[in-house]
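Novice: could you work out the structure for the sequence below:
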Amino acid sequence: MANETLKRDPYEEKLDNLGEADIAAILAELRRRLKADEIAAVQTCIRCGLCADACHYYLTNGELEDVPAYKLNLILGVIKRHLTPSGRVAGAWTGGKTLDKAMVREWVDVLFGRCSGCGRCTMNCTSGINIHGLIRAARGALAAAGLVPPELQSTVLTAVEQGNNMGIPRDEWLETVAWIEEELRTETGDPEARIPVDAKGARLLYTVNPREPKFFPLSLLAAAKMFYAAGESWTFSSDHYDVTNYGLYSGDDAHAGLLSGRLVKAKEELGAEVLVLGECGHGFASTRWEAPQWLNRRFPFPVRSVLEIAAGYLREGRIRLDPSKNRKPLTLHDPCNLVRLGGVVEEQRFLLKSAVEDFREMTPNRQKNYCCGGGGGQLSMTRFAKRRLAAGRLKADQIRETGAKVVVAPCHNCIDQLTELGKEYKLGTEVKTVIEIVADALVLPPREKRP
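Specialist: Numbering: from 1, shown residues only. You can find the predicted model right below:
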């Protein structure tokens, strides 16, 4: 394993002491997750190499282990050896690879340590193989044996046990909301401006990344100001407001379903019409697209990104923006789970083009944009931090080429990574969310004319 890991790390000791029961648990979970057609699909890889040019790890590090096809073949070898009749009989003659302690170590290092789950390889696969999905399935198999890197697993368990991944107590959350409400009244000049909590029958239930109340409370103020200007009926939940879901990254469907299920429960208990997901790429992908499978139910209500809500306000004339309030040249980062894997592509561009004077696209952009490197749980897995920052050089180069002074990212995972990249590569850029830029450009109508 990479020398980024401490020698006496308990996780390392666990890998050293794997037993037959651990190997059996991994294989059982892999068998449960993969259907016959998925196993067949893995074997259609034609070794064309296009996935290598799609991966930001390979394009910056140039190591064989970073090539998505290499990662895929780590999984395929185990499938051939253990999950096919011919492999169980003929073993290595089929190209199969035995899942032993050495292979498990390589799975951890490559599938957790060299992949952000961005899906760019899948988009570029000539055979249409769902590479990032298979990598997540293999992560889930490792999770079944308790082999998720502990920093990532800790983030999942904090959310499960304490209600949010920052471990914010309920009273601290409510105190932050009350403080932001006072700031909202100052910003709007309206002593009756409110930030509702647990309001029954509101149209929107708004969920946020808990890093906002913990470290970026002005992001909460920006959203509240926008909702105020639009005359929106909305509310926070006092208990279930965490849009993040690191179960998506660990591969643990049970925990991932539990976390998304809490948001659904809060929405239903409060009687809100729409579940609105704050600026969090993986949080959007988790609850909008994956949760119905995890929870085995269709949602009979809309699940929307706050970007879709904001763009609707602008189109309907519910908010007005003055781009002269944002004069610095600005560029937009496309979060993988929101854009390439989530389908929210143009709303943020529509908002920014109306809110700033100088908007500059990265090259490439939209679904083809490169991952910043912060996804896949990489930000939480400190053992792979050096590798993560090295792979982020591609994104840093993209930003530098635009000449922008402000980088906007509708995802707090991305914001944390972009902030680190700014320091690492001396970009001299400010990093903000889309809704913060929208709030900066808002033109508040006179109180008597507000909706």
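Novice: and Leu99, how many neighbours does it have?
Specialist: Residues lying near Leu99 (other Cβ atoms under 10 Å) number 22. Where you see a C-beta, it was placed from the backbone N, CA and C, and this is true even at glycine.
Novice: the nearest residue to Trp173 once chain neighbours are set aside in helix, strand or coil?
Specialist: Excluding its sequence neighbours, the residue lying closest to Trp173 (Cβ to Cβ, 6 or more residues apart in numbering) is Pro213, at 5.8 Å. Here Pro213 takes the helix state, with states given by DSSP: H, G, I helix; E, B strand; the rest coil.
Novice: which residues touch Pro213?
Specialist: Applying Cβ atoms under 8 Å, 6 or more residues apart in numbering to Pro213 gives the contacts 166, 168, 172-173, 176-177, 220.
Novice: of all those, which comes closest to Leu184?
Specialist: Comparing these against Leu184 with Cβ to Cβ picks out Leu220 as the nearest, at 9.2 Å.
Novice: where does the closest one fall, secondary structure wise?
Specialist: Leu220 is part of helix 217-230, with elements assigned from DSSP states H and E.
Novice: and the strands in the stretch 351-451 of the chain?
Specialist: Shown for the stretch 351-451 of the chain, the strands assigned by DSSP state E, counting those that start in this stretch span residues 359-360, 406-408, 430-432.
Novice: point out the most buried one among the ones you listed.
Specialist: The highest mean neighbour count among the strands of the stretch 351-451 of the chain, using mean count of other Cβ atoms under 10 Å, belongs to strand 406-408: a mean of 25.
Novice: next, count neighbours for Ile79.
Specialist: For Ile79, using other Cβ under 10 Å, the count is 25.
Novice: correction: Gly96
Specialist: Gly96: 21 surrounding residues under other Cβ under 10 Å.
Novice: surely it is within a helix?
Specialist: No - counting by three-state DSSP, Gly96 is not part of a helix but coil.
Novice: give me the distance between Glu308 and Gln348.
Specialist: Separation of Glu308 from Gln348 (Cβ to Cβ, to the nearest Å) stands at 10 Å.
Novice: can you check Tyr11 too?
Specialist: 38 Å.
Novice: so for those two, which residue has more residues nearby?
Specialist: Between Tyr11 and Gln348, counting by other Cβ under 10 Å, Gln348 is the more crowded of the two (29 against 19).
Novice: tell me the confidence at the closest residue to Cys336 other than its chain neighbours?
Specialist: Leaving aside its chain neighbours, Cys336 sits nearest to Cys118 (3.9 Å; criterion: Cβ to Cβ, 6+ apart). If you check Cys118, the pLDDT there is 96.
Novice: what about Cys118, how many residues nearby?
Specialist: Neighbours around Cys118, by other Cβ under 10 Å: 27.
Novice: which ones are touching the residue nearest the centre of the chain?
Specialist: By Cα atoms, centre = their mean, the chain has its centre lying nearest to His282, at 2.4 Å. Residues near His282 by Cβ under 8 Å, 6+ apart: 244-246, 248-249, 337, 375, 411, 413.
Novice: please repeat the previous calculation with a cut-off of 10 Å.
Specialist: Applying Cβ atoms under 10 Å, 6 or more residues apart in numbering, we find His282 in contact with 117, 209, 243-249, 290, 335-338, 341-342, 374-377, 411, 413-414.
Novice: check the secondary structure at Leu338 for me.
Specialist: Secondary structure, three-state DSSP: Leu338 is coil.
Novice: wouldn't it be in contact with Glu279 here?
Specialist: Yes - at 8.3 Å, Leu338 and Glu279 qualify as touching, with contact defined as Cβ atoms under 10 Å.
Novice: CA atoms of stretch 305-322 as CSV?
Specialist: Extracted C-alpha coordinates of stretch 305-322, given in CSV (Å, rounded to 0.1, in the frame of the first residue of the first chain):
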residue,chain,number,x,y,z
SER,A,305,-31.7,20.8,-7.0
VAL,A,306,-31.8,24.3,-5.5
LEU,A,307,-30.3,25.4,-8.9
GLU,A,308,-33.5,24.2,-10.6
ILE,A,309,-35.6,26.2,-8.1
ALA,A,310,-33.5,29.3,-8.5
ALA,A,311,-33.5,29.1,-12.3
GLY,A,312,-37.3,28.8,-12.2
TYR,A,313,-37.5,32.0,-10.1
LEU,A,314,-35.5,33.9,-12.6
ARG,A,315,-37.5,32.6,-15.6
GLU,A,316,-40.8,33.4,-13.9
GLY,A,317,-39.7,36.9,-12.9
ARG,A,318,-39.9,36.1,-9.2
ILE,A,319,-36.3,37.4,-8.7
ARG,A,320,-34.3,40.1,-10.5
LEU,A,321,-30.5,40.1,-10.8
ASP,A,322,-28.1,42.9,-11.4
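Novice: list the buried residues for that stretch?
Specialist: For stretch 305-322, burial by neighbour count (16 or more other Cβ atoms under 10 Å) applies to 305-311, 313-314, 319, 321.
Novice: export those as a markdown table, with columns for pLDDT, distance to Glu187 and secondary structure.
Specialist: Listed next are those as a markdown table, based on pLDDT from 0 to 100; distance: Cβ to Cβ, whole Å; DSSP: H, G, I helix; E, B strand; the rest coil:
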| residue | pLDDT | distance to Glu187 | secondary structure |
| --- | --- | --- | --- |
| Ser305 | 98 | 24 | strand |
| Val306 | 98 | 18 | helix |
| Leu307 | 98 | 21 | helix |
| Glu308 | 98 | 24 | helix |
| Ile309 | 98 | 20 | helix |
| Ala310 | 98 | 17 | helix |
| Ala311 | 98 | 22 | helix |
| Tyr313 | 98 | 17 | helix |
| Leu314 | 98 | 19 | helix |
| Ile319 | 97 | 14 | coil |
| Leu321 | 98 | 16 | strand |
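Novice: sweet, I'm off.
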